[in-house]
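Enquirer: generate a structure from the sequence data that follows.
(chains A, B, C and D)
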Number of protein chains: 2
Amino acid sequence: MRLSTKGRYAVTAMLDLAINGKNGPVTLAEISENQGISLSYLEQLFAALRGKDLVRGVRGPGGGYYLGKSADEISIANIICAVDEWVEFTRCGGRQNCSGGARCLTHTLWDDLSTEIFNFLANITLGDLVKRNLGKKSGEENPLSIVANSRSEAA
Amino acid sequence: MRLSTKGRYAVTAMLDLAINGKNGPVTLAEISENQGISLSYLEQLFAALRGKDLVRGVRGPGGGYYLGKSADEISIANIICAVDEWVEFTRCGGRQNCSGGARCLTHTLWDDLSTEIFNFLANITLGDLVKRNLGKKSGEENPLSIVANSRSEAA
DNA sequence: CTGAATACCGAGTGATTTAGTAGGTAATTA
DNA sequence: TAATTACCTACTAAATCACTCGGTATTCAG
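Expert: Residues are numbered from 1 along each chain as shown, chains lettered A, B, ... in the order given. Presented below is the predicted three-dimensional model:
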């Protein structure tokens, strides 16, 4: 799992799409304008997102992008994995010559943690984020309850 | 928040230190050997960790590194933030000229999500990882319960 | 049919990051 | 005194980031 600025751009763009794509497709030019991301970079990101069926493009005037599925079916992990290759970290993958077992232990620990982080992000959907925040008053105190529910529901 | 391979190296090294540093300091040479990370790269990482008081170095023969505080007081977020600069993502920080409010909304959403991810990692300590897994039988099924408890306790 | 709008595609690029090498100095112990 | 270790700075090849440029394909409006 890798969470870089590239993943952020993708998540932000997808959020923009989820919010503004309710009625009709959204052009990359609009997202570029709204989010301050260069058009060509967006094209690269959306090529990856399209490959995972997270978005669907429509050409020609009046065209743009739709979400590939319901916002409730798209998790943050889906988005990040689409644009940020999943890197396998453990070196002793499979046939390991681990010195004394200590190496394998830490690798197991990291692996468990890594899985846990992934599951965490996999349980947050675009729909969660959009719904909770649109229904929130602007001065409200506790934005972090966004995820708490979807977590306990899905876990 | 940024979760790159650099952060993984740091977390893995800290796990090694937490496990092997129970009686006496651990040298970077040992960690390098155990985890397959180059010595000089470890030095760079530990310089950052030392700057945040997450580790404490002892020079001379028989020297090495100790954890800077109890493993229960060191969160994964602490480690990652020490080596992987916290990057501020929102472009319209403070004085924003957001077009139509849509931009600010997505930025707020991302910001909330980002904070949530951070809190998640801030609630997992080195001690959690080590304790739960050392007490685990090797063939056990559910490694992901590691975090569930520490989360509900700390939240 | 023509032209514009839009997605789609690939090559290239400077800046940054990654992960590492090299070559030291400072402190401590045997 | 010599070995061991942390500590420090500079450098580097490779990868990644975020972006530019110059296209092609498809579709709609006139």
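Enquirer: count of neighbours near residue A:55?
Expert: 27 (other Cβ atoms under 10 Å in any protein chain shown). For every residue, glycine as well, the C-beta is placed using N, CA and C.
Enquirer: ok, it to DNA strand C distance?
Expert: 7 Å (Cβ to the nearest atom of the strand, to the nearest Å).
Enquirer: my guess is that residue contacts residue A:71. True?
Expert: No: with contact defined as Cβ atoms under 8 Å, residue A:55 and residue A:71 do not form a contacting pair (11.5 Å).
Enquirer: touching, residue A:63 and residue A:29? I think so.
Expert: No: assessed by Cβ under 8 Å, residue A:63 is found out of contact with residue A:29, at 10.9 Å.
Enquirer: max-length helix in chain A?
Expert: What stands out as the longest helix in chain A, according to DSSP state H, is helix A:102-122.
Enquirer: can I get that one as PDB, trimmed to CA atoms?
Expert: Only the C-alpha atoms of helix A:102-122 are listed here, as PDB (Å, rounded to 0.1, in the frame of the first residue of the first chain):
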ATOM      1  CA  ALA A 102      13.900 -12.300  13.500                       C
ATOM      2  CA  ARG A 103      13.600 -11.000  10.000                       C
ATOM      3  CA  CYS A 104      10.500 -13.000   9.300                       C
ATOM      4  CA  LEU A 105       8.900 -11.900  12.500                       C
ATOM      5  CA  THR A 106       9.200  -8.200  11.700                       C
ATOM      6  CA  HIS A 107       8.100  -8.900   8.200                       C
ATOM      7  CA  THR A 108       5.000 -10.600   9.400                       C
ATOM      8  CA  LEU A 109       4.300  -7.700  11.800                       C
ATOM      9  CA  TRP A 110       4.600  -5.200   9.000                       C
ATOM     10  CA  ASP A 111       2.500  -7.300   6.700                       C
ATOM     11  CA  ASP A 112      -0.300  -7.500   9.300                       C
ATOM     12  CA  LEU A 113      -0.100  -3.800   9.800                       C
ATOM     13  CA  SER A 114      -0.100  -3.200   6.100                       C
ATOM     14  CA  THR A 115      -3.200  -5.300   5.600                       C
ATOM     15  CA  GLU A 116      -4.900  -3.500   8.400                       C
ATOM     16  CA  ILE A 117      -4.200  -0.100   6.800                       C
ATOM     17  CA  PHE A 118      -5.500  -1.400   3.500                       C
ATOM     18  CA  ASN A 119      -8.700  -2.700   5.100                       C
ATOM     19  CA  PHE A 120      -9.200   0.600   6.800                       C
ATOM     20  CA  LEU A 121      -9.100   2.400   3.500                       C
ATOM     21  CA  ALA A 122     -11.100  -0.300   1.800                       C
END
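Enquirer: what residues sit buried inside it?
Expert: Judged by neighbour count using 16 or more other Cβ atoms under 10 Å in any protein chain shown, the buried positions of helix A:102-122 are A:102-114, A:116-122.
Enquirer: is that helix in proximity to DNA strand C?
Expert: No: Helix A:102-122 lies out of reach of DNA strand C by Cβ under 7 Å from any atom of the strand, never closer than 13.6 Å.
Enquirer: and the next helix or strand after that helix, what's its mean pLDDT?
Expert: Using DSSP states H and E, the next helix or strand after helix A:102-122 towards the C-terminus is helix A:126-134. For helix A:126-134, mean pLDDT is 85.
Enquirer: does residue A:53 really touch residue A:68, like I thought?
Expert: Yes: counting by Cβ under 8 Å, a contact exists between residue A:53 and residue A:68, whose distance comes to 4.4 Å.
Enquirer: the more surrounded of these two?
Expert: Counting neighbours by other Cβ under 10 Å for residue A:53 and for residue A:68 shows that residue A:68 has the greater number, 16 against 13.
Enquirer: list phi and psi for the more buried one.
Expert: phi -80, psi -30 (degrees, to the nearest 10).
Enquirer: same check on residue A:50?
Expert: Backbone torsions of residue A:50, given as degrees, to the nearest 10, read phi -60, psi -40.
Enquirer: pretty sure it sits against residue A:57.
Expert: Yes: at 6.2 Å, residue A:50 counts as touching residue A:57 under the criterion of Cβ under 8 Å.
Enquirer: coming back round to it: so which elements touch the longest helix of chain A?
Expert: Here helix A:102-122 touches helix A:76-83, helix B:5-20, helix B:28-35, helix B:102-122, helix B:126-134, helix B:145-154, going by 3 or more Cβ pairs under 8 Å, 6 or more residues apart in numbering or on different chains; DSSP states H and E.
Enquirer: JSON lines for the ones you listed, including distance to residue B:77?
Expert: Output for the helices and strands packed on helix A:102-122, formatted as JSON lines (distance: least, Cβ to Cβ, whole Å):
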{"stretch": "helix A:76-83", "distance to residue B:77": "17"}
{"stretch": "helix B:5-20", "distance to residue B:77": "10"}
{"stretch": "helix B:28-35", "distance to residue B:77": "21"}
{"stretch": "helix B:102-122", "distance to residue B:77": "4"}
{"stretch": "helix B:126-134", "distance to residue B:77": "11"}
{"stretch": "helix B:145-154", "distance to residue B:77": "12"}
